[in-house]
Structures are given as C-alpha cells and as structure tokens.
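sequence plus the predicted model coming up.
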Amino acid sequence: MKRLLSLSVFALAAACQTYDFEPVQPIAITQTTQSTKVVARRLKPNLMILVDKSGSMASAVPCQGGGCTRASELRTAMGQFLSQASTIARMGLTFFPGDVVASNDQCQPATTITVRLPPPSPADTDDMPLVMNASRVAAEIQRLGVANGVPLAGGTPTGASLAFLSGYDGLLDDGDNRQDFVLLLTDGLPNCNPRNEFSCAVMPPPPQNLCTLGTNAMGASNCVGVFCARGYLDQSGVVANVRALRARNISTIVVGFGADFATPEALTVLNAMAAEGGFARRCPNGTNAECGDPNGVTNRCVNNTCEKQFYAAANASDLARALVDIQNLLGNEDPCTYSLADRPASERFLAVIINGTTTPSGPATWTLTQTGNVQFTGALCDRVKASTTADPLNVEFRIVNTL
C-alpha cells in the first residue's frame with residue numbers, strides 16, 4: 001500500500017513538471033507514380049513513313065560542295081537510315097500532297113499508299129519481307145525531287161494526309177499485337193485546311209494568324225482568294241488528326257525538316273503535334289544533352305521537357321541523328337534500363353513494383369544509377385528480357401520527394 005502511494009505521488013509530481021521542446025518543421029512529401037508494361041520480345045512494329053513533297057522541299061540548304069536542297073538532304077539521310085535499320089520495323093511509305101497536277105489542286109492530300117506494309121505474319125521469324133519493303137521505300141524516296149521522279153509541288157495538307165492514313169487497313173489490324181507508328185517527315189507548316197478557324201476574314205493577333213504563303217511584291221498577304229483559309233497555319237486541324245490517330249492506337253513521331261520551324265508559331269504547332277502523337281521529347285535528368293543540344297543553343301531542357309518536343313533537322317546530318325534516336329525508340333534500346341520522370345534522392349525514396357509485388361534493390365534485382373535511371377540486373381533483367389506480348393511485366397515506379 002505504501003509503495004502504491006509513493007508511486008502515485010511521483011506520478012503527480014511528474015505531471016506538474018513542464019518541459020521545453022524544440023519546434024519541429026512539418027515535412028511535406030509528394031509521390032510520383034510511373035507505370036509501364038514491359039514487353040522486351042515485342043513483335044516488329046508497323047511504321048508508315050509520311051514524306052512531305054511540297055514545293056518548298058526544293059528550297060536550297062547550305063551543304064559542303066553546294067547545290068543541296070531539302071529533298072536531296074532527305075534522300076541522303078533516309079538512304080542511310082533504311083539501309084542500316086531495315087529490320088527494326090515493317091515499313092511502308094506515303095507521299096503528300098497528292099497529285100496536285102492531275103487534280104489541279106495545290107492542297108490535294110495524300111490519296112495513295114506508295115509502298116504498302118508487308119503482308120501479315122503471325123511471328124517475326126523471317127526478316128526478308130522487312131528488308132525487301134525497306135528497299136522499296138528507299139528506292140521511292142531516292143526519286144524525290146529528281147528528273148522523271150517524284151515531283152515537288154503543292155502545299156502542305158498535313159492534317160488531311162494524316163486522316164488518310166487513319167483509314168489504312170495495314171495500321172488497323174488489332175489482331176497482330178503490333179505497335180503502329182506514323183513517322184512524319186515535313187519541311188513546312190501545315191496548311192490547306194478549308195475549315196481553318198483562321199483566315200483572311202478572321203484576323204486574331206499574331207501568332208495564330210500566320211499566313212504560311214508569305215507576302216507578294218507589294219507586301220500584301222498571299223493568303224487570299226481560294227487560299228483565304230487554306231493558306232493560313234492549320235494548328236487545331238492537324239493536332240486533331242494526330243489525336244484521332246492516337247485514339248486508334250497509332251502514334252505519330254514528328255520530324256520537322258528544314259528551316260521553317262524557328263518561329264514561335266511553328267514551335268507551338270509542332271510541339272502540340274509531338275505531344276498528341278505520344279512522342280514529345282523529354283529530358284528526365286534535366287540536361288540539355290537529352291534534347292540533342294548539350295550547349296542549349298537551339299534546344300534547351302525546361303522542366304524535364306525539351307523546348308522543341310519534336311525532332312528538328314535542318315540538314316542531312318541533323319536528320320541522321322534524329323533517325324538514330326527514332327530507331328532506338330522503336331525497340332533497340334536496352335530493355336533493362338528505364339528513365340524516370342522524376343529523380344529520387346536515393347534508392348530509399350524509390351519503390352519498384354513488379355506485377356504488384358514490391359521488389360527491393362540489390363545485385364540480382366535493380367539499382368539506381370548516378371544518372372537517375374533504374375537498371376534492372378541479374379535474374380530480374382533476365383526476366384525482363386524474356387517478357388512477351390502474351391506474358392508482359394507490369395512495372396511501377398513510386399518516387400517520394402520532400403518539399
């Protein structure tokens with residue numbers, strides 16, 4: 001009884017005592033979740049190449065020796081690409097605009113598949129059809145802008161030509177379990193939309209009211225008469241057509257070729273096309289080099305996104321570098337290396353979840369590299385490489401950051 005009383009007195013004394021605590025700043029955290037379905041042994045994708053053959057492709061470009069045009073530079077780069085990467089995809093080809101001479105319409109969209117995709121095949125056991133198709137595509141592109149070849153004429157009906165490809169049956173076979181892509185190679189700003197929201201009769205402030213046909217000798221706009229609407233920059237129309245392709249699981253890779261993409265209005269429309277197409281250029285590690293320009297002169301990394309989200313190419317060398325990047329995008333990259341949208345401070349702030357199960361880091365699972373990539377290793381890397389369309393891996397990265 002005495003012991004209980006003494007304890008009670010002690011507790012009462014303790015209750016009356018005061019303590020001083022250091023104030024603690026509350027910690028705010030955010031979590032970024034990045035999910036992907038890993039299919040390392042994926043069937044070769046379908047790649048329809050949509051090539052601009054408008055009149056501006058005859059424009060001269062600086063090159064060693066002189067005498068180069070946008071068309072000749074395109075022929076050079078695509079010839080190298082198609083010979084070196086003939087088996088990365090099942091390739092086809094379409095030119096735009098269509099036959100502007102026969103139709104007497106400078107805005108005639110693409111109406112013909114020049115080289116169809118190879119016939120359907122249940123598995124990729126034979127590369128010969130891919131090589132043969134790439135060879136046919138290369139041969140047609142080498143005719144671009146040469147005597148008795150593919151003439152350069154007309155406007156840039158990019159939106160309507162993309163809409164034409166959205167109905168091509170070779171890209172709509174959902175039973176083949178293949179990825180579908182359109183590789184757009186264009187040197188001019190999209191126009192030729194007769195339902196353009198901007199026209200000579202609707203003049204909003206710049207840059208939306210850009211006339212893509214320039215001015216005449218008197219300084220007046222050439223976007224008049226039949227080109228009152230069709231001559232103006234078509235942004236909403238072409239972006240809508242890229243979006244419609246994406247809704248049918250067809251991604252669009254945008255390559256702006258030439259010198260017409262330096263203006264703010266050009267960047268706006270090409271960036272919007274790249275974003276809607278699913279291949280906006282990112283720089284997850286925050287470096288200009290990831291945007292193809294280490295010095296940040298022509299393309300900088302801003303908030304983990306490149307200022308030019310499309311692939312910009314002023315000449316054959318630029319185009320060749322862009323095509324190498326695109327080749328990697330189509331499946332030649334290391335399936336055991338992944339870039340993260342956010343960069344965690346350390347592995348302690350990163351959770352890697354494979355098919356719903358959290359997988360700790362380690363020599364047989366994964367590590368976080370100094371550049372902020374997740375590198376699958378050992379048995380987990382082998383498991384990633386063995387994934388197929390029928391048996392994919394669902395991978396989720398959860399990154400916690402303090403504010």
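Cool, the structure landed. Just so you know, these numbers come straight off a predicted model, no measurement behind them. Residues are numbered from 1 along each chain as shown.

do you have the strands of the stretch 101-250 of the chain handy? List them.
For the stretch 101-250 of the chain, the strands defined by DSSP state E, counting those that start in this stretch cover 180-186, 250-257.

take those strands and write them to TSV, including mean pLDDT.
Shown next, in TSV, are the strands of the stretch 101-250 of the chain (pLDDT from 0 to 100):
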stretch	mean pLDDT
strand 180-186	96
strand 250-257	94
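
shaky segments in the protein?
Applying pLDDT under 70 to the chain flags the ranges 1-32, 37, 39-41, 174-176, 204-209, 331-334, 341, 389, 401-403.

quick check: can you list the domain ranges of it?
29-38+336-402, 46-193+234-332 (automatic domain parsing).

most packed of these?
domain 46-193+234-332 (a mean of 19; mean count of other C-beta atoms under 10 Å). Quick note: C-beta positions are derived from backbone N, CA and C, even for glycine.

what residue is smack in the middle of the chain?
F279 (1.7 Å; C-alpha atoms, centre = their mean).

correct me, but that residue touches R246?
No: taking contacts as C-beta atoms under 8 Å, F279 lies outside contact range of R246: 10.2 Å.

now do the shared contacts for those two.
Taking C-beta atoms under 8 Å, 6 or more residues apart in numbering as the criterion, F279 and R246 both touch T252.

what separates A313 from L93, distance-wise?
18 Å (C-beta to C-beta, to the nearest Å).

just T186 next, same as before
14 Å.

contacting residues around T305?
280-283 are the contacts of T305 under C-beta under 8 Å, 6+ apart.

where do the helices of the stretch 1-150 of the chain begin and end?
Counting by DSSP state H, counting those that start in this stretch, one finds helices in the stretch 1-150 of the chain at the ranges 2-16, 70-84, 100-103, 128-141.

now swap in the stretch 201-350 of the chain and tell me
Under DSSP H, counting those that start in this stretch, the stretch 201-350 of the chain gives helices at 227-230, 236-247, 264-277, 316-327.

send the alpha carbons of the first one over as PDB?
Just to be clear, that refers to helix 227-230. The C-alpha trace of helix 227-230 is given here as PDB (Å, rounded to 0.1, in the frame of the first residue of the first chain):
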ATOM      1  CA  PHE A 227      -6.200  30.400-100.000                       C
ATOM      2  CA  CYS A 228      -8.100  32.800 -97.700                       C
ATOM      3  CA  ALA A 229      -8.500  29.900 -95.200                       C
ATOM      4  CA  ARG A 230      -6.300  27.200 -96.700                       C
END
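
go ahead and confirm D180 touches N249.
Yes: here D180 lies in contact with N249, judged by C-beta under 8 Å, at a distance of 6.2 Å.

surely C228 touches C200?
Yes: counting by C-beta under 8 Å, C228 does reach C200; the two are 4.3 Å apart.

could you dump the strands of the stretch 101-250 of the chain into TSV and include distance to G65?
Converted to TSV, the strands of the stretch 101-250 of the chain look like this (distance: least, C-beta to C-beta, whole Å):
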stretch	distance to G65
strand 180-186	23
strand 250-257	20
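
among those strands, which comes closest to N222?
Nearest of the strands of the stretch 101-250 of the chain to N222, taken as C-beta to C-beta: strand 180-186 at 19.9 Å.

for the closest one, name the packing helices and strands.
strand 46-52, helix 158-165, strand 250-257 (3 or more C-beta pairs under 8 Å, 6 or more residues apart in numbering; DSSP states H and E).

tilt between it and helix 316-327?
Counting by axes from the mean of the first three to the mean of the last three C-alpha atoms, to 10 degrees, strand 180-186 lies at 170 degrees to helix 316-327.

how far is strand 180-186 from where the chain is centred?
10 Å (C-alpha atoms, centre = their mean, to the nearest Å).

can you dump the C-alpha coordinates of it into PDB?
Only the C-alpha atoms of strand 180-186 are listed here, as PDB (Å, rounded to 0.1, in the frame of the first residue of the first chain):
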ATOM      1  CA  ASP A 180       1.600   1.100 -85.000                       C
ATOM      2  CA  PHE A 181       3.500   4.300 -85.900                       C
ATOM      3  CA  VAL A 182       3.400   7.100 -88.400                       C
ATOM      4  CA  LEU A 183       6.800   8.800 -89.000                       C
ATOM      5  CA  LEU A 184       6.000  12.300 -90.300                       C
ATOM      6  CA  LEU A 185       8.800  14.000 -92.200                       C
ATOM      7  CA  THR A 186       7.700  17.500 -93.100                       C
END
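
partner strands of that strand and their direction?
Strand pairing for strand 180-186, determined by DSSP bridges: strand 46-52 (parallel), strand 250-257 (parallel).

ok, which of those comes nearest T76?
Once the strands paired with strand 180-186 are compared by C-beta to C-beta, strand 250-257 is nearest, at 11.9 Å.

so how far is that closest one from its chain's centroid?
In terms of C-alpha atoms, centre = their mean, the centre of strand 250-257 is set 6 Å apart from its chain centre.

report the angle between it and helix 264-277.
Orientation check (the same axes, to 10 degrees): strand 250-257 against helix 264-277 gives 150 degrees.

for M218, find the nearest of the domains of the chain.
Comparing the domains of the chain against M218 with C-beta to C-beta, the closest turns out to be domain 46-193+234-332 (21.5 Å).

how about JSON lines for the domains of the chain, with distance to A220 added?
Listed next are the domains of the chain as JSON lines, based on distance: least, C-beta to C-beta, whole Å:
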{"stretch": "domain 29-38+336-402", "distance to A220": "48"}
{"stretch": "domain 46-193+234-332", "distance to A220": "18"}
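
picking that back up, closest to P344 out of the helices and strands packed on strand 180-186?
strand 250-257 (28.2 Å).
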